[in-house]
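Visitor: task: produce atomic coordinates for the following.
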Amino acid sequence: MDPVPGNPAGASHQGALAGAGPDLGALLRSAARGDTAAFAELYDATSSRLHGLVLRVVRDPAQSEEVTQEVFLEIWRQSARFDPARGSALSWMMTIGHRKAVDRVRSAEAATRRDVAYEQSHQSIEHDVTAEAAHASLEARRVRQALGNLTDVQREAIELAYFGGYTHTEVAALLDLPVGTAKTRIRDGLIRLRDSIGVER
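Guide: Predicted coordinates:
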């Protein structure tokens with residue numbers, strides 16, 4: 001942010017001593033009464049220092065520019081609250097600047113935490129994949145064990161129909177059986193297979 005050069009013409013707001021700089025307290029009081037020229041002079045006199053403070057806290061130059069503008073907007077709005085009995089005008093302004101800068105840092109950190117939490121909650125978790133693979137392996141083992149409980153003719157028909165991908169008609173042709181007999185063997189085999197797996201569970 002390029003601070004606007006000071007305005008030496010604003011003599012009505014200068015300190016009593018030449019070269020001492022403007023009376024910031026007087027400028028604040030004038031700004032509180034709506035004097036925009038006084039506020040412009042206040043900005044000229046303090047913007048570099050306030051921006052430096054904000055930059056040290058926020059560290060990001062672009063965000064520091066934004067925060068500095070927010071600081072001066074807050075100073076304009078709150079200028080009537082400045083109490084010279086409680087400290088200098090510069091100290092009061094620097095306190096506002098520091099608070100705004102810290103707020104921005106905290107806000108950025110909170111946003112980062114939210115993004116991380118969202119990403120973690122929506123990404124695939126490795127142990128879930130492992131659990132699914134283990135479950136599938138267990139199911140396959142149960143099916144293999146259950147197939148061992150079938151008769152040879154039932155197992156043969158089941159393997160052709162469900163592992164070989166053949167239709168009932170094709171199973172019948174491969175086994176040289178009537179289609180009805182092939183269907184019966186497949187049906188009986190499935191019933192026995194289901195019962196065997198159910199008992200193992």
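Visitor: give me the most central residue, this structure.
Guide: Taking C-alpha atoms, centre = their mean as the criterion, Asp115 is the residue nearest the geometric centre of the chain, at 1.1 Å.
Visitor: that one: helix or strand, and which one exactly?
Guide: Assigned by DSSP states H and E, Asp115 belongs to helix 89-122.
Visitor: does anything pack onto that helix? Which helices or strands?
Guide: helix 24-32, helix 36-58, helix 61-78 (3 or more C-beta pairs under 8 Å, 6 or more residues apart in numbering; DSSP states H and E). Every C-beta, even on glycine, is put in place using the N, C-alpha and C of the backbone.
Visitor: which parts of the longest one are buried?
Guide: Okay, so that is helix 36-58. Residues of helix 36-58 classed as buried under the neighbour-count rule (16 or more other C-beta atoms under 10 Å) are 38-39, 41-47, 50-51, 53-55, 57-58.
Visitor: what average pLDDT does the helix or strand where Ile197 lies get?
Guide: Under the assignment given by DSSP H and E, the secondary-structure element containing Ile197 is helix 179-200. Rounded to a whole number, the mean pLDDT of helix 179-200 is 78.
Visitor: give the other helices and strands that it contacts.
Guide: Helices and strands in packing contact with helix 179-200 are listed as helix 126-147, helix 152-158, helix 168-175; criterion 3+ C-beta pairs under 8 Å, 6+ apart.
Visitor: any idea which of the ones you listed scores lowest on pLDDT?
Guide: For the helices and strands packed on helix 179-200, where the average pLDDT is lowest is helix 126-147, sitting at a mean of 61.
Visitor: okay, now the domains of this structure?
Guide: Per automatic domain parsing, the domain ranges recorded for the chain read 11-122, 126-200.
Visitor: can you show me the CA trace of stretch 60-70 as CSV?
Guide: Output of stretch 60-70 as CSV, limited to C-alpha atoms (Å, rounded to 0.1, in the frame of the first residue of the first chain):
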residue,chain,number,x,y,z
ASP,A,60,0.6,-11.8,3.7
PRO,A,61,1.0,-8.5,1.8
ALA,A,62,-2.3,-8.6,0.0
GLN,A,63,-4.3,-9.5,3.2
SER,A,64,-2.4,-6.8,5.1
GLU,A,65,-3.6,-4.2,2.6
GLU,A,66,-7.2,-5.3,3.2
VAL,A,67,-6.8,-5.4,7.0
THR,A,68,-5.2,-1.9,7.0
GLN,A,69,-8.2,-0.5,5.2
GLU,A,70,-10.5,-2.3,7.7
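Visitor: can you read off the backbone torsions of Pro22?
Guide: In terms of degrees, to the nearest 10, the main-chain angles of Pro22 are phi -70, psi 160.
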